[in-house]
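Asker: sharing a model prediction with you, sequence too.
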Amino acid sequence: MSLPVAVLASGSGSNLQAILDYQATLDAPPWRVELVISDQEDARALERGRRSGIRSRFLQVAGRPSGDVAGETLDLLRSADIGLIALAGYLRLIPADVVGAFRERMVNIHPALLPAFGGKGMYGMRVHEAVLASGARVTGPTVHFVDEEYDRGPIIAQWPVPVRAGDAPHVLAARVLRVEHLLYPRVVDHLGRALARGCRPTPFSPPGTVFLADSRTVADVERAIAAGFVDGIAPALRATEQRT
Ligand code: GRF
């Protein structure tokens with residue numbers, strides 16, 4: 001039996017699509033996306049989910065008490081027997097009851113190297129604008145477990161992406177997003193495999209992440225990251241799994 005995964009998304013859902021595309025490459029996947037939830041009725045993510053034959057639900061969050069939202073969210077997740085949740089561009093704070101029910105079973109991807117450039121209000125282009133304004137030379141996505149605060153839970157994986165001289169925010173955002181599409185499905189895969197086997201995946205700081213020199217092309221960066229992940233990070237993640 002494969003582990004049912006839920007993806008929560010507010011917008012375009014390109015990370016959802018990357019996860020679905022990755023899932024489609026697996027033989028007998030030990031996990032599968034079973035549910036898509038969005039707080040936006042017209043989210044492209046819902047369309048992507050429906051197109052893939054996945055139960056895809058709009059869940060009204062705006063203007064409702066957090067307790068009601070938590071109750072409905074938990075009902076939906078439990079009705080699909082969800083074992084792992086991936087937030088993919090989901091812009092709402094997850095109610096504490098839901099966090100508590102899915103502790104270390106819910107991850108988020110953020111488009112900067114946390115703990116910098118995160119927290120309430122730091123989403124979308126604002127993140128990349130802040131990175132550029134800081135003069136940082138390196139940025140990149142972070143995947144972390146979700147806790148009660150925005151972008152604060154234990155970090156699971158990060159990948160460095162160069163900031164280049166003269167980058168516009170949307171150019172940097174696109175460079176980071178391409179790396180997100182490589183990283184997130186692999187993290188979901190490794191967490192999904194661990195949880196499907198009854199293992200407890202523990203957070204880790206990836207040792208020896210690939211340094212991406214400024215002179216590399218985006219294609220080089222993608223290749224380096226894909227190779228670095230497969231050769232270095234995946235075994236490191238497996239090594240940190242603990243049997244419960
Ligand atoms: C990504 O940059 C992700 O890091 C952030 O929101 C964006 C979502 O993009 N959390 P998409 O909806 O997956 O295309």
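Answerer: In hand now; what should we look at?

Asker: look up how far the ligand lies from Ala157.
Answerer: Here the distance between Ala157 and the ligand works out to 13 Å (C-beta to the nearest ligand atom, to the nearest Å). Every residue, glycine included, has its C-beta placed from N, CA and C.

Asker: what sits closest to that residue if chain neighbours are left out?
Answerer: On the basis of C-beta to C-beta, 6 or more residues apart in numbering, the spatially nearest residue to Ala157 that is not a chain neighbour turns out to be Val143, at 4.6 Å.

Asker: quick one: contacts for that neighbour?
Answerer: Shown in contact with Val143 (C-beta atoms under 8 Å, 6 or more residues apart in numbering): 107-110, 155-158, 183-184, 187.

Asker: again, only using 7 Å
Answerer: Taking C-beta atoms under 7 Å, 6 or more residues apart in numbering as the definition of contact, the neighbours of Val143 are 107, 109, 156-157, 183-184, 187.

Asker: partners of the host helix or strand of it, with directions?
Answerer: The secondary structure element spanning Val143 is strand 142-145 (assigned by DSSP states H and E). When sheet partners are counted by DSSP bridges, strand 142-145 sits next to strand 106-110 (antiparallel), strand 155-158 (antiparallel).

Asker: just name the most buried of the ones you listed.
Answerer: Comparing the strands paired with strand 142-145 on average neighbours per residue, with mean count of other C-beta atoms under 10 Å, the densest one is strand 106-110 at a mean of 25.

Asker: and this structure, which residues reach the ligand?
Answerer: Residues of the chain lying near the ligand by C-beta under 6 Å from any ligand atom: 9, 11-15, 88-89, 109-111, 141, 177, 180.
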